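1. prediction below, plus the sequence it came from.
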Amino acid sequence: MIKQTALKSILSRMHKTGSDKEAVRTLYRFLISEDTKNLLHINPNYMAVHCRFNRETMLQLVIEGVIQGLFEMHWDIVCPHCGGLADHTHHLSGIKSDNYCQSCQVNFSNFADQNITVTVSLQPELFDEPPGEYVSDAGNSDDRLRPVTALDLIGIPAFRKHFSNQIPALDQSIKIRSVSVLFTDLIHSTALYSQMGDLNAYAFVKDHFDLLFGEIVRHQGGIIKTIGDAVMAVFQDAKSPIRVSFQIKDIFMKLLNNRFGIDDGGIKMGISSGTALIVNMNDNLDLFGSTVNLAARIVNLADRDSIAVTPAILEDLEVQKFLAKENLIVKTLKEKLKGIPGISDIHLLIREKEQG
């Protein structure tokens with residue numbers, strides 16, 4: 001049984017620190033009705049389905065729950081051969097680039113988007129009787145659901161804010177097998193600041209980040225970092241960053257026009273897809289690799305009406321369907337990109353209604 005007085009106290013704190021009241025109530029009903037043994041290894045997506053939470057609400061509750069002492073977080077290493085739990089740790093720094101499975105007796109590589117999964121357990125102090133040891137189902141507590149991966153979690157702004165110490169060890173990096181990287185850049189930002197004045201510029205940049213963070217997370221993406229007034233984000237598919245980029249462009253232009261009467265600004269987007277590494281860069285969690293470099297290089301080839309993408313993005317079948325459905329025109333550029341050998345094909349995606 002669960003100590004309900006202590007549970008209610010923690011949930012009350014979560015509400016006071018910003019968690020939605022009805023979501024907290026729903027979480028309470030889930031926790032008191034769930035079989036106790038299941039509370040030792042909760043797949044957050046299992047909880048989301050039973051509570052009818054969207055991804056954003058679910059991950060925010062998990063993070064706030066860890067902060068307030070409701071949950072204990074586990075980083076589980078799943079063997080890609082047998083699907084069993086090969087290792088687990090309470091801290092991202094405990095994850096190594098490679099692991100060994102005792103059952104299969106094989107070494108394997110760890111990937112943040114595949115076999116490094118995140119589960120939570122109710123804190124032992126909230127049980128009337130000792131609940132026993134944590135035993136993970138390696139993300140298989142509900143066969144209908146995929147587990148939450150490390151890549152899902154690290155891009156949530158609240159995680160980066162409250163768990164800034166959750167970074168790989170200095171001598172370790174964590175591989176990502178497939179990721180789409182999005183870079184943004186404000187157009188004529190210096191001129192915009194001059195037109196707005198310092199106070200308005202500060203409010204504008206904040207609103208601009210709020211817009212980007214909200215839309216990116218809502219569309220299954222994650223925020224890795226900001227660089228000045230630019231944002232670096234990641235997605236686990238190639239279509240989502242394209243879709244959200246055009247939506248952000250539309251909202252952003254309305255913000256500029258309605259609030260400041262500016263119609264010659266905008267925001268540029270560049271997207272690449274491929275492998276990457278999660279690394280410890282100056283005691284901050286960061287991404288490294290050619291996929292990241294490409295996205296950073298091509299963003300300036302776009303304008304306010306287009307998105308720059310690499311050939312790997314256009315090779316995705318879901319992207320091809322999306323281009324046809326949305327009547328997007330593809331314009332191919334031949335570019336010499338700084339630090340990248342040879343001439344690169346870069347594609348601009350442009351909405352047909354904006355042509356001619």
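-> Perfect, I can see it now.
2. what sits against the closest residue to Leu7 other than its chain neighbours?
-> Once flanking residues are discounted, Leu7 sits nearest to Leu126: 5.8 Å by C-beta to C-beta, 6 or more residues apart in numbering. Placement of C-beta: from N, CA and C, glycine included. Residues near Leu126 by C-beta atoms under 8 Å, 6 or more residues apart in numbering: Ile2, Lys3, Ala6, Leu7, Ile10, Leu70.
3. paired strands for the longest strand belonging to the chain, with orientation please.
-> In the chain, taking DSSP state E as the definition, the longest strand is strand 266-281. Strand 266-281 has the following strand partners under DSSP bridges: strand 174-187 (antiparallel), strand 284-288 (antiparallel), strand 306-309 (parallel).
4. so which of those strands is the most packed in?
-> strand 306-309 (a mean of 27; mean count of other C-beta atoms under 10 Å).
5. how far out from the middle of the chain is the following helix or strand past that strand?
-> Once the chain leaves strand 306-309, the next helix or strand it forms, by DSSP states H and E, is helix 311-314. The chain centre lies 21 Å from the centre of helix 311-314; the measure is C-alpha atoms, centre = their mean, to the nearest Å.
6. how about the helices in this structure?
-> With helices called from DSSP state H, the chain shows them at 4-16, 21-33, 44-51, 55-67, 150-154, 157-162, 189-196, 198-218, 239-260, 290-298, 311-314, 317-325.
7. can you give me the first-to-last residue distance of stretch 210-226?
-> The first and final residues of stretch 210-226 sit 12 Å from each other (C-alpha to C-alpha, to the nearest Å).
8. buried residues in that stretch?
-> 211-213, 215-217, 219-224, 226 (16 or more other C-beta atoms under 10 Å).
9. check stretch 119-134 too.
-> Neighbour counts over stretch 119-134 (16+ other C-beta under 10 Å) mark Thr119, Val120, Ser121, Leu122, Gln123, Leu126, Phe127, Pro131 as buried.
10. with stretch 24-41 instead?
-> So for stretch 24-41, counting by 16+ other C-beta under 10 Å, buried means Val24, Thr26, Leu27, Tyr28, Phe30, Leu31, Glu34, Asn38, Leu39, Leu40, His41.
11. for the record, mean pLDDT for that stretch?
-> The pLDDT scores in stretch 24-41 average 92.
12. over to stretch 218-226?
-> Across stretch 218-226, pLDDT averages out at 92.
13. hmm, who's touching it?
-> With contact meaning C-beta under 8 Å, 6+ apart, stretch 218-226 is reached by 55-56, 151-152, 154-157, 160, 182, 209, 212-213, 216-217, 231-237, 240-241, 243-244, 247, 284-287.
14. any low-confidence regions in the stretch 201-350 of the chain?
-> The model of the stretch 201-350 of the chain has pLDDT under 70 over residues 259-264.
15. coming back round to it: and the contacts of Leu126, which is closest to Met47?
-> Nearest to Met47 out of the contacts of Leu126 is Leu70 (C-beta to C-beta; 11.9 Å).
16. does that closest one touch Ser9 like I think?
-> No: contact criterion C-beta atoms under 8 Å: Leu70 and Ser9 do not qualify, at 10.0 Å.
17. compare those two (neighbour count), which wins?
-> Taking other C-beta atoms under 10 Å, Leu70 and Ser9 do not tie; Leu70 has more neighbours (22 against 13).
18. contacting residues for that one?
-> By C-beta under 8 Å, 6+ apart, the contact set of Leu70 is Leu7, Ile10, Leu11, Met14, Leu122, Gln123, Leu126.
19. please tell me how far it sits from Asp303.
-> 47 Å (C-beta to C-beta, to the nearest Å).
20. residues near Ile343, how many?
-> By other C-beta under 10 Å, 11 other residues sit near Ile343.
21. phi, psi for it please.
-> phi -100, psi 130 (degrees, to the nearest 10).
22. quick one: it from Gly155, how far?
-> Taking C-beta to C-beta, one finds Ile343 at 32 Å from Gly155.
23. ok, Ser164 touching Ala158?
-> No: contact criterion C-beta under 8 Å: Ser164 and Ala158 do not qualify, at 11.4 Å.
24. thank you, goodbye.
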